[in-house]
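>>> next input, structure requested:
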Amino acid sequence: MGCSNSFFGKGDCISVDPSCGFAELLPLLSNLPNSKNTWEYEEGEELSGGQGMTSYNFTSKAYLQFPAQLPLSKISDFTVGQSIFDVAWENSSTGQLDRRGLGPIFNANSCLACHVGNGIGRVPSGPTETMLTALVRLSGNSNGSPDTNYGGQFQPFSLSGVPAEGKASINYTQINGSFQDGTTFTLRKPSVEFSNLNYGPLDANGEIYSLRNTSKVIGMGLLEALSDTTILSLQDPSDSNSDGISGRINLVPDIESGTEKIGRFGWKANEPNLKQQGSRAFLEDIGVTSPLFTSKNCTSAQTACLSSVHGNLPELSQTKIDIMVKYMRLIAVPARRTASSPDVLAGKKIFFQAGCTSCHIPKLKTGTIAGSPEISEQTIRPYTDLLLHDMGEGLADGRPDHLASGKEWRTAPLWGIGLVSTVNGTLQLLHDGRAETFIEAVLWHGGEAEKSKQYVLKLSETDREYLIKFLESL
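Numbering: from 1, shown residues only. Just a heads-up that it's a prediction; the model follows:
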């Protein structure tokens, strides 16, 4: 990148040119006077959400918390917004007036139905299991355009009198391998089969689909508060420093402003802010319209859907959208546990030495957001760069999304990942839930992360356990 850096203070502060990439920064950090190794314990490392947005509940309700120091007025905002996020929507003709608008075709009847406990969903373990908290994205061609008959997302449920789109079933192919020490492992690769299609065939010119599990809903206000300058400083689209990492932003339409903005949310960073992300999810997942998405999610082939009774359009008012967005911005991040223990620090060293921090950036600082001191100027530890990276053929879905190619995915934030099993009773990682352990998730990495995967394949069993303990502490 050709960035320049200036250092000041006692080795604990660094001023960075915006063109400088984190990968270039790591060698410089190790040469700072009086600096520690980057994998040693750092004071305040437990505060994943910074001083303003860290919580200390480590139970099954760990992802449902507001930060401890939140003022009473904002606790009220959190509580009211949570009710909109959690409420079950109902039939437009028979439901309660303030809840009418479900469907006519849909994936779930509330946000919480898929984001269980504000955590992940559960992908079916086989073809006989009904898909309840995951979904399938569709494209009719390699350009990413929606399927002619079924749109951009498959809807397996519907209201009475409207045929659902059909059924999606999951099968798995087993892939066997071994570590350098001879320990064997088995990975599972999902595939989707469609049946009982009620609106004709899927597009004949090579239908592209992408199985998607839901992700954690924590710390989103902090990610939204990162400045564009911070995100841009992390990208290196042409890999000018030849480290094999070429992360780049996704530029996506901001419907409200009519401009393009940096994508921050979604598996392919296809949404620029929480208002648009939440509004689109209401339409595509629940079938509820809003000021940004005023038309029902029906294709021209779905005549019963188009002619069905709707709620008052838009069914979700701007006031309720704004309240829900306030809630999403205030969901705290659980503090880390045992961050300074020797085993965790040994795993942290392995994480750094494997090169994982080239994409999973450990520490960032948010910008200044007027009226929101809890998310402003916070030193956070999300372990993401919010950039798109080529993850190789193994994880490729072939489905582009704005600038994102069929092999690119946004770096998933790792904060709170150690509590997924506690909250959800299952550990299903990556975009489609195929990985059932932390190590399996690493072993699916390819493309820009191939070197990191190869590093892990050479680890001893003891070192693999250290790596797991580090990830469990996040």
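
>>> what about the strands in the stretch 51-200 of the chain?
54-55, 105-106, 134-139, 157-158, 167-178, 184-195 (DSSP state E, counting those that start in this stretch).

>>> next one: the fifth one to chain centre, how far?
This points to strand 167-178. Strand 167-178 sits 22 Å away from the centroid of its parent chain (CA atoms, centre = their mean, to the nearest Å).

>>> ok, now the last one?
Relative to its parent chain, strand 184-195 has a centroid offset of 21 Å by CA atoms, centre = their mean.

>>> by how many degrees do the helix or strand that that strand is followed by and strand 167-178 diverge?
Next helix or strand after strand 184-195 toward the C-terminus (DSSP states H and E): strand 208-213. Computed by axes from the mean of the first three to the mean of the last three CA atoms, to 10 degrees, the angle separating strand 208-213 from strand 167-178 equals 80 degrees.

>>> the chain should start at 57 in everything you say after this.
Noted, 57 is the first residue going forward, which turns the last one into strand 264-269.

>>> list the contacts of strand 264-269.
176-179, 189-198, 200, 210, 226, 246, 248, 323, 453-455, 462, 484, 486-489 (CB atoms under 8 Å, 6 or more residues apart in numbering). Placement of C-beta: from N, CA and C, glycine included.

>>> okay, now the sheet partners of it, with direction.
strand 190-195 (antiparallel) (DSSP bridges).

>>> how big is the angle separating the strand it pairs with from strand 240-251?
70 degrees.

>>> ok, Gly100 - contacts?
Thr435.

>>> domain ranges for this protein?
Under the assignment automatic domain parsing, the domains of the chain span 57-87, 128-273+322-386.

>>> worst average pLDDT in those domains?
Of all the domains of the chain, the minimum mean pLDDT falls on domain 57-87 (a mean of 39).

>>> nearest to Cys170, of the strands of the stretch 107-256 of the chain?
strand 190-195 (7.7 Å; CB to CB).

>>> what comes into contact with the closest one?
Against strand 190-195 from outside (CB under 8 Å, 6+ apart): 163, 170, 177-180, 201-203, 206-210, 224, 248, 258, 263-270, 341, 453, 455-456, 488-489.

>>> circling back to that earlier point, which of the contacts of strand 264-269 are buried?
Listed as buried from the contacts of strand 264-269 are 176-179, 189-196, 200, 210, 226, 246, 248, 323, 453, 455, 462, 484, 486-489; burial here means 16 or more other CB atoms under 10 Å.

>>> tell me the spacing between the closest residue to Phe210 other than its chain neighbours and Asp488.
Nearest residue to Phe210, sequence neighbours excluded (CB to CB, 6 or more residues apart in numbering): Val192, at 4.3 Å. Look at Val192 and Asp488: by CB to CB, to the nearest Å, they are 9 Å apart.

>>> again with Leu372
28 Å.

>>> try Ser428
34 Å.

>>> does Ala497 lie in a helix or a strand, and which?
Here Ala497 is assigned to helix 494-499, by DSSP H and E.

>>> which residues are contacting that helix?
By CB under 8 Å, 6+ apart, helix 494-499 touches 233, 241, 243, 473, 483, 485-486, 490-491, 508-509, 512-513, 520, 523-524, 527-528.

>>> what mean pLDDT does stretch 106-119 get?
On average, stretch 106-119 scores 98.

>>> list the contacts of that stretch.
Under CB under 8 Å, 6+ apart, the answer for stretch 106-119 is 102-105, 120-125, 173-175, 272-275, 277-278, 386-391, 393, 422, 429-432, 434-436, 472, 475, 478-479.

>>> what are the buried residues along that stretch?
For stretch 106-119, by 16+ other CB under 10 Å, it's 106-111, 116, 118-119.

>>> repeat for stretch 498-516
498-505, 508-509, 511-513, 515.

>>> list just the nearest of these to Ala402.
Among those, and counting by CB to CB, the member closest to Ala402 is Leu515, at 11.3 Å.

>>> residues in contact with the closest one?
Leu515 neighbours (CB under 8 Å, 6+ apart): 235-236, 406, 523.

>>> may I see the buried residues of the host helix or strand of Met380?
Per DSSP H and E, Met380 falls inside helix 374-386. By 16+ other CB under 10 Å, the buried positions in helix 374-386 come out as 376-377, 379-386.

>>> for the protein, which segments are assigned as helices?
78-86, 128-142, 167-170, 276-281, 284-290, 330-337, 359-363, 374-386, 398-409, 476-480, 494-499, 506-513, 517-529 (DSSP state H).

>>> count of residues packed around Ser298?
10 (other CB atoms under 10 Å).

>>> mind checking how far Cys167 is from Val273?
8 Å.

>>> returning to that earlier point: of the contacts of strand 190-195, buried ones?
By 16+ other CB under 10 Å, those give 163, 170, 177-180, 202-203, 206-210, 224, 248, 258, 263-270, 341, 453, 455-456, 488-489 as buried.

>>> buried ones only from the contacts of helix 494-499, please, as a PyMOL command.
Those of the contacts of helix 494-499 that count as buried under 16+ other CB under 10 Å are selected in PyMOL with:
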select buried, resi 243+473+483+485+486+490+491+508+509+512+513+520+523+524+527+528
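
>>> who's more crowded, Cys167 and Val273?
Cys167 (24 against 21).

>>> what's near enough to touch the more buried one?
141-142, 337-338, 341-342.

>>> how does it look with 10 Å?
By CB atoms under 10 Å, 6 or more residues apart in numbering, the contact list for Cys167 reads 138, 140-145, 174, 270, 273, 334, 337-338, 341-342, 380, 384.

>>> now do Gly502
Per CB under 10 Å, 6+ apart, neighbours of Gly502: 446-452, 463, 508-509.

>>> quick check: phi and psi at it.
phi -140, psi -160 (degrees, to the nearest 10).

>>> look up how far Ile473 lies from it.
20 Å.

>>> what's the answer for Gly300, then?
Taking CB to CB, one finds Gly300 at 24 Å from Ile473.

>>> do the same with Ile524
11 Å.

>>> over to Ser111?
Taken as CB to CB, the span from Ser111 to Ile473 is 15 Å.

>>> contacting residues for Ser364?
147-149, 159-161, 214-218, 343, 352, 354, 358.

>>> give the contact list for the nearest residue to Phe162 once chain neighbours are set aside.
Excluding its sequence neighbours, the residue lying closest to Phe162 (CB to CB, 6+ apart) is Gly343, at 4.3 Å. By CB under 10 Å, 6+ apart, the residues touching Gly343 are 145, 148, 157-165, 211, 213-215, 352-354, 361, 364, 366-367, 371.

>>> switch the cut-off to 8 Å
Neighbours of Gly343 in contact, by CB under 8 Å, 6+ apart: 145, 157-162, 211, 352-353.

>>> now that we have those, which one has the most neighbours?
Going by other CB under 10 Å, Ile161 tops the contacts of Gly343 with 29 neighbours.

>>> contacting residues around the closest residue to that one other than its chain neighbours?
Closest residue to Ile161 apart from its sequence neighbours, by CB to CB, 6+ apart: Gln211 at 3.9 Å. Residues near Gln211 by CB under 8 Å, 6+ apart: 161-163, 220-221, 343, 353.
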